[in-house]
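> Below are the sequence and a predicted model for it; my questions follow.
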Amino acid sequence: MLGARASAGAAQTGMKMSNASQDIPIIDIGSLWASPGLSDVAALARQVDAACRSIGFFYVVNHAVPPAIVTETFAANLWFHAKPFEEKMLLKLNKWHRGYQAIGGSTLVSSQRFAAARHANQLESFFMRHEVDPDDPAYMSEPLQGPNQWPGDPWFRRVVEAYDHALKDLGMKLLQVFSTAVGEQPGYFDRRFAPPSTALRLIHYPPAPQRRPEDLYGIHPHTDYGFLTILAQDDVGGLEIQRRDGQWVAVPAIPGTFIINIGDALARWTNDQFNSTPHRVINPSTERPRYSIGYFFDPSLGTEVRCLPSFVGGSAPARYDAIRYGDYFSMRLDANYADRIGV
């Protein structure tokens, strides 16, 4: 059944792409769930390598995440953001970057490519990050290693945790492809993600104002901080990415797919040969809200991010010093999320 659904989905995507940017490839990753051999992984790695060296984004089909899980998580997204503001603020974003962030709670201050924003981002979010065992010595004593916050309804927590588990499994499957794409053995990234640090972000963008200033965005042009972002979005539209020539192109929703892009940490590992692509969101509708679910799949906080030898040498010296991932990520968060308690 999975193969049949993937074939149908691929046919649908082919029709959809006639109205979408031809820059963004669609990669069928179904072979990862069929005891792939080295040749299967290498074939996927070549496609991922080409995407990462050019546009930095790609769609994936045949990803094995049940559609019902995605549908129910979008329902949870709408349910949470429909709650009264005062009730959501009881879960205000804590210093471990978990909980609710109100509209206007983030403003681009620190970016590798863009000047500071004049307006706050026009979105609100609920963040759930990787769980930390209370018996872990790092619990509530190190950055990003604190408790999640949950509303009272157990249904919401069950749904969001199910999505988190499914997307974490997908990220772990993809590691062998990315390990091969950077010229290493398929297991290279495994111990650097043992365990991964993750964040699940339920996002709501309100309808655009009737008279929108040109520099008012749902989310300001930026690059992502981490390793991979796996995105599900509704059909309202508004996500755009910037090609290397500076042109902005749309990234429409395609049923049955996730959109994957690489972030600044993977770009650092590859000495910027893999492209951490700028992107932005402008809700095109003055009537409909926009909803999306971002999943940020990153290395263990203690992992050292260092330019890989195969990307350094000759006319390409290392552009970055080695850095512990947790230190790097905390630095980026502290610069851009002023409302974090304790920051």
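Happy to help now that I have it.

> Can you give me the buried ones in stretch 52-66?
For stretch 52-66, the neighbour count (16 or more other C-beta atoms under 10 Å) marks 52, 54-63, 65 as buried. In short, each C-beta sits where N, CA and C put it, glycine included.

> Please apply the same query to stretch 83-91.
83, 88, 91.

> Quickly list what the nearest residue to I103 once chain neighbours are set aside is bridged to.
Using C-beta to C-beta, 6 or more residues apart in numbering and skipping the chain neighbours, the partner closest in space to I103 is E124 (4.7 Å). Beta-bridge partners recorded for E124 (DSSP bridges): H204.

> Touching, E124 and A82? I think so.
No: with contact defined as C-beta atoms under 8 Å, E124 does not reach A82; the gap is 11.2 Å.

> Show me which of the two is the more surrounded one.
E124 (21 against 10; other C-beta atoms under 10 Å).

> quick one: least confident helix or strand in this protein?
helix 2-16 (a mean of 35; mean pLDDT, DSSP states H and E).

> helix or strand right after it?
Using DSSP states H and E, the helix or strand that follows helix 2-16 towards the C-terminus is strand 26-28.

> Please point out which parts of that following strand sit buried.
26-28.

> For those, give me a markdown table that also has distance to V182 and pLDDT.
Listed next are the buried residues of strand 26-28 as a markdown table, based on distance: C-beta to C-beta, whole Å; pLDDT from 0 to 100:
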| residue | distance to V182 | pLDDT |
| --- | --- | --- |
| I26 | 22 | 97 |
| I27 | 16 | 98 |
| D28 | 21 | 97 |
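
> count of residues packed around the spatially closest residue to S125 that is not a sequence neighbour?
Leaving aside its chain neighbours, S125 sits nearest to Q101 (4.6 Å; criterion: C-beta to C-beta, 6+ apart). Counted with other C-beta under 10 Å, residues neighbouring Q101 total 23.

> which stretches of the stretch 51-200 of the chain form helices?
With DSSP state H, counting those that start in this stretch, the ranges of helices along the stretch 51-200 of the chain come out as 67-81, 85-88, 154-181.

> Make JSON lines out of those and add distance to P278.
Shown next, in JSON lines, are the helices of the stretch 51-200 of the chain (distance: least, C-beta to C-beta, whole Å):
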{"stretch": "helix 67-81", "distance to P278": "25"}
{"stretch": "helix 85-88", "distance to P278": "30"}
{"stretch": "helix 154-181", "distance to P278": "21"}
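
> Which helix or strand contains M331?
Going by DSSP H and E, M331 is in helix 325-336.

> State the mean pLDDT of that helix.
Averaging pLDDT along helix 325-336 gives 82.

> Only the C-alpha atoms, please, for it, written as CSV.
This file holds the C-alpha atoms of helix 325-336, laid out as CSV (Å, rounded to 0.1, in the frame of the first residue of the first chain):
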residue,chain,number,x,y,z
TYR,A,325,26.7,22.7,19.0
GLY,A,326,24.9,23.6,22.2
ASP,A,327,27.0,26.7,22.7
TYR,A,328,26.4,27.8,19.0
PHE,A,329,22.7,27.2,19.2
SER,A,330,22.2,29.0,22.5
MET,A,331,24.1,32.0,21.2
ARG,A,332,21.7,32.2,18.1
LEU,A,333,18.6,31.8,20.3
ASP,A,334,19.7,34.4,22.8
ALA,A,335,20.2,37.0,20.1
ASN,A,336,16.8,36.6,18.5
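
> buried stuff in stretch 309-325?
Under 16+ other C-beta under 10 Å, the buried positions of stretch 309-325 are 311, 323, 325.

> Any figure for the gap between the first one and I323?
Same thing as F311. Separation of F311 from I323 (C-beta to C-beta, to the nearest Å) stands at 16 Å.

> Low-confidence regions, the stretch 201-343 of the chain specifically.
335-343 (pLDDT under 70).

> Could you pull out the strands in it for me?
Ranges of strands in the stretch 201-343 of the chain, per DSSP state E, counting those that start in this stretch, are 219-222, 228-233, 239-242, 248-250, 258-262, 279-281, 290-298, 304-305, 323-324.

> State the distance from L44 to V65.
Relative to V65, and taking C-beta to C-beta, L44 is found at 17 Å.

> do the same with V48
18 Å.

> do the same with S141
34 Å.

> cool, and G171?
On the measure of C-beta to C-beta, G171 and V65 end up 11 Å apart.

> surely D133 meets G146?
No: D133 is not in contact with G146 according to C-beta under 8 Å; the separation is 11.8 Å.

> neighbour count winner among those two?
G146 (19 against 9).

> got the angle for the helix holding M331 vs strand 290-298?
150 degrees (axes from the mean of the first three to the mean of the last three C-alpha atoms, to 10 degrees).

> buried ones in helix 325-336?
Result for helix 325-336 [16+ other C-beta under 10 Å]: buried residues 325-326, 328-330, 332-334, 336.
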